[in-house]
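1. A predicted structure for the sequence below; I have some questions about it.
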Amino acid sequence: MKLLLDEMISATVAEQLRARGHDVVAVQGPDHRHLRGVNDGILLDHAAEERRAVVTDNVPDLTRCHQHRVGREEPHYGLLLFSNDTFPRHRHDAFVGQLLAALEDQLLTHAEDDDASWVRWLTKIG
């Protein structure tokens, strides 16, 4: 599985996961700045073209985009959703550590790279 981290997630998370051998990019990273502020449908389209699952807490908008793609029979490579309640962003160091653990668990547990348009919620590890 390859990931695209939505813009509310620091590029540091992608860097740390890449250092652990995972294929992860971030909208906040220098190579994906063209995706900052784009329509969520465009973001999901781009992720599908790169065979990446999107990681986001923008649940309403990305869920709508997911439903729209599925309705058009245009699969994508997944959505990993989280909420600020589960992963509070205001505590940046804790947020990064907890998100890293949860994402690495997903990357190791669900290594498949398929276009099944799946949707999963991230949960805290430990």
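-> That came through fine.
2. who does the helix or strand of the chain with the lowest mean pLDDT touch, helix- and strand-wise?
-> Within the chain, no helix or strand scores below helix 92-109, which has a mean of 92 by mean pLDDT, DSSP states H and E. Judged by 3 or more CB pairs under 8 Å, 6 or more residues apart in numbering; DSSP states H and E, the packing partners of helix 92-109 are helix 11-19. All C-beta spots, glycine's among them, are computed from the backbone N, C-alpha and C.
3. Contacts for the helix it packs on, please.
-> 3, 5, 24-26, 28-30, 96, 99-100, 103-104, 107 (CB atoms under 8 Å, 6 or more residues apart in numbering).
4. Neighbouring strands of the next helix or strand after it in the sheet, and parallel or not?
-> Downstream of helix 11-19, the first helix or strand assigned by DSSP states H and E is strand 24-26. Here strand 24-26 has these sheet partners by DSSP bridges: strand 2-5 (parallel).
5. how far is the strand it pairs with from where the chain is centred?
-> Centroid separation between strand 2-5 and its chain, computed with CA atoms, centre = their mean, to the nearest Å, is 5 Å.
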